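**Student:** Turn this into a model:
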Amino acid sequence: MNTTDAQQMYEIMSKYPEATAEIYHSGYDGYLKYIFEKHVTPKLQSFAEDKGLIYKEESLWNGGWKAFYFYRSEWKHYAINITNEHNSNFRDFFIGVASRNDISNSEMLPVQERLNAFNNKGNRYWPFGYAYLPKYSSWWTSVTIDMINGNFAKFIENLVSEVLEELDERHINL
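**Tutor:** Here you go, the predicted structure:
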């Protein structure tokens, strides 16, 4: 299937998310990428711009850990990061504050008081703690429906806003 055919198929699939949810096994990763890039990425980019943040996606479609994150331009190394655990395939997604680039041990933050937005204690990689996404920990077919209708992006926006508010209230500049 060439790129044009695939795009046309993904467009049709996005118009019938319930039916697509039933037949997703025949190319789900490509469909998920199409849905995310068409319906989620633009919303998250717009949200980031409105909040004065930078939005980045990393390795979402290339295998391995999948991540997207938000940060302020003045933050040297850290970001509000949504990623998955154990190199899993669209499973076990969580949110926390983590380094967005390679930094030396001396530049890493020590473990901090856990943010209220998170329910797991911090460690050297997630100094303020982290929390599994309660509704979207795994991106199965039902999640694509919420990606299309905007509920997924709104959920992420609310989580990121909550973390930002707490960082600001505690006067934490990453």
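
**Student:** can you give me the strands for this structure?
**Tutor:** 54-58, 67-71, 78-84, 93-99, 130-132 (DSSP state E).

**Student:** So what touches stretch 124-142?
**Tutor:** For stretch 124-142, the surrounding residues in contact (C-beta atoms under 8 Å, 6 or more residues apart in numbering) are 20-22, 24, 28, 32, 82, 90-99, 108-115, 117-122, 143, 146, 152, 155, 159, 172. Any C-beta I mention is one placed from the backbone N, CA and C, and that applies to glycine too.

**Student:** Out of these, list just those in helices.
**Tutor:** Counted as lying in helices by DSSP state H, out of the contacts of stretch 124-142, are 20-22, 28, 32, 143, 146, 152, 155, 159.

**Student:** ok, which pair from the residues you listed is furthest apart?
**Tutor:** 22 and 159 (29.3 Å; C-beta to C-beta).

**Student:** Which one's more surrounded, those two?
**Tutor:** Taking other C-beta atoms under 10 Å, residue 22 and residue 159 do not tie; residue 159 has more neighbours (19 against 9).

**Student:** coming back round to it: export the strands of the chain to TSV and append columns for mean neighbour count, distance to residue 40 and mean pLDDT.
**Tutor:** TSV is the format used below for those (neighbours: other C-beta atoms under 10 Å; distance: least, C-beta to C-beta, whole Å; pLDDT from 0 to 100):
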stretch	mean neighbour count	distance to residue 40	mean pLDDT
strand 54-58	16	10	93
strand 67-71	21	9	94
strand 78-84	23	11	94
strand 93-99	23	13	93
strand 130-132	20	19	95
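
**Student:** In ChimeraX, how would I select just the buried ones from the contacts of stretch 124-142?
**Tutor:** Applying 16 or more other C-beta atoms under 10 Å to those, the buried members can be selected in ChimeraX as follows:
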select :20,21,24,28,32,82,90,93,94,95,96,97,98,99,109,114,115,117,118,122,143,146,152,159,172
